[in-house]
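[1] Whatever this is, show me its structure:
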Amino acid sequence: MVSKRGAGHIEMILSFVMFTFFVVFLFIYIKPVSNNSIGDSVLIGLGDSFHEKNGVDYGKIFLRVSDFSGSCFSIGLSGHSGNSIVQMVGGSVVGSSYSGSNLVVSSGIGSYYVLISPDFASGSGCSGPSLLSSQNYSIGSIETQKLISNKSLYLLKQSYLDNYAQLKTNYGVPKIIDFTIKSSDGSFDLGGTIPQKVQVFSKEYSENVLYENGSIQNKEFLIQVW
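    As a prediction, the model looks like this:
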């Protein structure tokens, strides 16, 4: 009986030692994976928030006016919101205004690109425009997409500098996590300083940025969290 009881104690000790080694193994090998998963999740969520919160609607419409003798016309154009920029195909910008579902253009016969976005300034068309019928013009392909707003990027940087804690809450970033965003061309940089000896998670996003003059530039944005 004494021998069996001693053997039972040895088995308990060995089991405890094996359990201890197993727990140590979990802390050494499993915990870093967990940290990586948290960092990657925050990074992906921040990327989604960056695109969603700084995105703006943009529409590009091809317009051909073929039968009109004047220099000031209007057409009905529904389903869009914002202000307009009208460019002659291969040419310059012409005066225009867009309100409700009515587009006014200070020009005559020709081919145009009509750009519409809330980011554009209110335009000035012309007085007494002639309302064209569907026989006077044709509308071609319509392109709609959500682009990164250059205006929103400016506001984002101001929020980063003025109220960083609230910005993190708005973007779903945990309090213990910090972040910064910068463009590869140096035109946008939140200016966050990354401390030494911290684990940094990074991801690049390619985004089209819309400017107030209607131009679009593709930029690479590097998002970093630590």
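[2] So which residue is dead centre in this structure?
    Nearest to the mean C-alpha position of the chain, by CA atoms, centre = their mean, lies residue 51 at 2.0 Å.
[3] ok, and what's touching the host helix or strand of it?
    Element membership of residue 51 [criterion: DSSP states H and E] is helix 31-53. With contacts defined as CB atoms under 8 Å, 6 or more residues apart in numbering, helix 31-53 is touched by 146, 148, 152, 156, 170-174, 177, 179, 181, 199, 201-203, 205, 207, 221, 223, 225. Using the backbone N, CA and C atoms, a C-beta is placed for each residue, glycine as well.
[4] rewinding a little: okay, the residue nearest to the centre of the chain: pLDDT?
    With respect to pLDDT, residue 51 has a value of 95.
[5] on contacts alone, who are the packing partners of the helix or strand just after the helix holding residue 51?
    Where DSSP H and E defines the elements, the next helix or strand beyond helix 31-53 is strand 55-65. Secondary-structure packing of strand 55-65 (3 or more CB pairs under 8 Å, 6 or more residues apart in numbering; DSSP states H and E): strand 110-117, strand 137-149, helix 150-162.
[6] re earlier: give me the buried entries from the contacts of helix 31-53.
    148, 152, 156, 171, 173, 179, 181, 201, 205, 207, 221, 223, 225 (16 or more other CB atoms under 10 Å).
[7] Around the spatially closest residue to the second one that is not a sequence neighbour, how many other residues sit close by?
    Residue nearest to residue 152 in three dimensions, not counting chain neighbours: residue 54, with 4.0 Å by CB to CB, 6 or more residues apart in numbering. Around residue 54 there are 21 other residues, counting by other CB atoms under 10 Å.
[8] In contact with the closest residue to residue 80 other than its chain neighbours, which residues?
    Counting by CB to CB, 6+ apart, residue 80 lies nearest to residue 116, which is 4.7 Å off, once chain neighbours are set aside. By CB under 8 Å, 6+ apart, the residues touching residue 116 are 58-59, 61, 80-85, 98.
[9] how about stretch 129-143: buried residues?
    Using 16+ other CB under 10 Å as the test for burial, stretch 129-143 gives 129, 132, 136-137.
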